[in-house]
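Chemist: have a look; sequence and predicted model below, questions after that.
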Amino acid sequence: MFRPLLTLTGGLIAALAVTAAQAKPLSPEDLSVAEVLRDRALESSDAYSIVESLTVEVGPRPAGSEGDRRAVAWAQQKMKALGFDRVYTEQIEVPRWNRGHAHARVVAPFPQPLVVTSLGYSVGTPQGGITAEIVEFADVEALIKAPARKVKGKIAFINKRMERARTGEGYGPAVGGRSKGMRAAAEKGAAALMIRSVGTDSDRFAHTGMMSIDGVENPVPALALSAPDANLLEAMLKRGKPVEVQLDVHNQRLEDGPSFNVIGEITGREKPQEVMIIGAHLDSWDEGTGALDDGAGVAVVMEAARMIAELPQRPRRTLRVVLFGAEEIGLVGAKQYVDAHRSELDNIVAVSESDFGAGKIWRFDTRLPENKFDIADQMMQLLAPLGIERGNNKSSGGPDSSVFVAQGVPAFGLYQDGSDYFDYHHTPNDTLDKVDADTLKQNVAAWVVMSFLAVEMEGDLGRVPTEH
Ligand SMILES: [Zn+2]
């Protein structure tokens, strides 16, 4: 950057200040190793075989289930096989739930079946099911504002469409119906809640997902309708006659039980107590095989760490891969991790998570103190050739990472193209065929650059002031 020198002495001081400010934090040696890693990743990294292994050998793995237990064993065995120095688990406590069946059919005025699925932790209907009239709401706010007499005894139907976007930004405005709808319906004495699936596809399957259940006194059954079935109900309601739907739902809430965060480390050679955390979540919903959410993320961070473990020497700091448990049901593993490690948070130099499918990475976001932006600028020199642009400094680092970020831990976010992520998210269609091996190579290339530079650089990343 060019800075005019104003006066002779003032100018000399200014020039010295500029030189100090321009001393680059990442050394040319570190950058050249990162470049080699990047190019090697593009050529020969193999995250695909890791997500293939997880989906074929484990499959669905909801928190606290038999599949979850097998995933935990799988992850430990895989990390050891990939050459991590230390592999261990940390136990967490999770609420558990078993999906049973969910049947819905219109009984009047135009009888026909509907395709639905239970939202996570939904209660069932009484024996023999229930039949009630549908009352439609544009979004969850409309349901919350509605007088109880309009809702009482009826099935509240939230018919909110989600917009498609590369950033996935349509999710936030749409997901409230799923997370808060059942609580609002129950408080107004509704018989049940049905929502248009939070998704961007028009396939005839429904999207499940978590809802808020804590402290709801009389929970009611909560279901998602496939998008075509939501269209069908909408069209029937437009004909002006009462629409009655019969629901028969069976689910089972189980005792709380154990799950685990699975952790693997490449131990630092100089400052082993200083740690960069790269994460993904190991649990998945039950209906697909969790290939996109979050098998791909698990594979990308494990493969990036494996490549760093293959270098002739260990990095300066420790690289810690954390596969969080029970993310889907409310960041349970991440919250318990931060609680258990509160006294060591100052040693976590940065955190980042891959949990947005398997699309190409196109943007690099950060959450760094302002005086550390030049580190991101230097990383960008190696990321830009991968088709990645510099984003903002508001990154949460990913869902589980956000719990660390709330404590002032710096974060990086390698943002994937999520244009079609919500076509598959939380559906039976989240399967391996949606994952492209070459795109994962690009992902690993970006992750290995960011991870290696963060654990190898001389200086640190400071702390980010938290907002209160
Ligand atoms: Zn996820």
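Modeler: It's in.

Chemist: every contact and neighbour count from this point should use C-alpha atoms.
Modeler: Fine.

Chemist: number of residues surrounding Pro111?
Modeler: Using other C-alpha atoms under 10 Å, Pro111 has 13 neighbouring residues.

Chemist: right, and it touches Leu233 too?
Modeler: No - if you go by C-alpha atoms under 8 Å, Pro111 and Leu233 don't touch, sitting 11.2 Å apart.

Chemist: how far away is the residue nearest to Lys241 when sequence neighbours are not counted from the ion?
Modeler: Leaving out its chain neighbours, the residue that sits closest to Lys241 by C-alpha to C-alpha, 6 or more residues apart in numbering is Pro109, at 7.1 Å. Applying C-alpha to the ion, to the nearest Å, the value for Pro109 to the ion is 39 Å.

Chemist: I figured Pro109 hits Arg239, correct?
Modeler: No - assessed by C-alpha under 8 Å, Pro109 is found out of contact with Arg239, at 9.7 Å.

Chemist: these two: who's more crowded?
Modeler: Neighbours per residue (other C-alpha under 10 Å) separate Pro109 from Arg239, with Pro109 holding more: 14 against 10.

Chemist: run through the residues that contact that one.
Modeler: Taking C-alpha atoms under 8 Å, 6 or more residues apart in numbering, we find Pro109 in contact with 241-244.

Chemist: buried subset of these?
Modeler: Neighbour-count burial (16 or more other C-alpha atoms under 10 Å) applied to the contacts of Pro109 gives 243-244.

Chemist: from the contacts of Pro109, which ones fall inside strands?
Modeler: Judged by DSSP state E, strands contain the following of these: Glu244.

Chemist: now the contacts of Pro109 in TSV, with pLDDT and distance to Gly418?
Modeler: Below are the contacts of Pro109 laid out as TSV (pLDDT from 0 to 100; distance: C-alpha to C-alpha, whole Å):
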residue	pLDDT	distance to Gly418
Lys241	97	39
Pro242	98	39
Val243	98	36
Glu244	98	37
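
Chemist: switch the contacts of Pro109 over to CSV; also include distance to Ala326.
Modeler: Shown next, in CSV, are the contacts of Pro109 (distance: C-alpha to C-alpha, whole Å):
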residue, distance to Ala326
Lys241, 43
Pro242, 41
Val243, 38
Glu244, 36
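
Chemist: per-residue confidence for the residue nearest to Lys241?
Modeler: With respect to pLDDT, Pro109 has a value of 98.

Chemist: check whether Met450 really touches Met379, as I assumed.
Modeler: Yes - between Met450 and Met379 there is a contact at 6.8 Å, judged by C-alpha under 8 Å.

Chemist: more crowded one of these two?
Modeler: With neighbours defined as other C-alpha under 10 Å, Met450 and Met379 compare such that Met450 has more, 25 against 21.

Chemist: and the more buried one, that's in a strand?
Modeler: No - looking at Met450 with DSSP: H, G, I helix; E, B strand; the rest coil, it is helix, so not inside a strand.

Chemist: next up, the contacts around it.
Modeler: Residues near Met450 by C-alpha under 8 Å, 6+ apart: Met379.

Chemist: for Ala148, give its distance to the ion.
Modeler: Distance from Ala148 to the ion, by C-alpha to the ion: 35 Å.

Chemist: show me what contacts that residue?
Modeler: Ala148 neighbours (C-alpha under 8 Å, 6+ apart): 188-189.

Chemist: got the confidence number for it?
Modeler: Taking Ala148 on its own, its pLDDT is 98.

Chemist: please apply the same query to the one 3 residues further on.
Modeler: Val151 is assigned 98 on the pLDDT scale.

Chemist: can you give me the neighbour number for it?
Modeler: Neighbour tally, Val151, other C-alpha under 10 Å: 25.

Chemist: what is the burial count for the closest residue in space to it that isn't next to it in sequence?
Modeler: Nearest residue to Val151 in three dimensions, chain neighbours excluded: Ala190, at 5.4 Å (C-alpha to C-alpha, 6+ apart). The local packing of Ala190 (other C-alpha under 10 Å) involves 25 other residues.

Chemist: cool, and the one 5 residues further on?
Modeler: A total of 31 residues lie near Ile195 under the criterion other C-alpha under 10 Å.

Chemist: after the host helix or strand of it, next one along is what?
Modeler: Applying DSSP states H and E as the criterion places Ile195 in strand 192-196. Where DSSP H and E defines the elements, the next helix or strand beyond strand 192-196 is strand 222-225.

Chemist: please work out the average pLDDT along whichever helix or strand Val275 is part of.
Modeler: In the assignment (DSSP H and E), Val275 maps to strand 271-281. On average, the pLDDT along strand 271-281 is 98.

Chemist: near the ion at all, that strand?
Modeler: No - residues of strand 271-281 contacting the ion under C-alpha under 5 Å from the ion: none, with a closest distance of 6.5 Å.

Chemist: residues near the closest residue to the ion within the stretch 351-468 of the chain, how many?
Modeler: Residue nearest to the ion within the stretch 351-468 of the chain: Asp355 (5.0 Å; C-alpha to the ion). Counted with other C-alpha under 10 Å, residues neighbouring Asp355 total 23.

Chemist: confirm for me that Arg253 is in contact with Tyr121.
Modeler: Yes - checked against C-alpha under 8 Å, the pair Arg253 and Tyr121 is within contact range at 6.9 Å.

Chemist: which residues touch the closest residue in space to Leu225 that isn't next to it in sequence?
Modeler: With sequence-adjacent residues excluded and distances taken as C-alpha to C-alpha, 6+ apart, Leu225 is closest to Val116, at 4.5 Å. Listed by C-alpha under 8 Å, 6+ apart, the contact set of Val116 reads 102-104, 205-206, 223-226.
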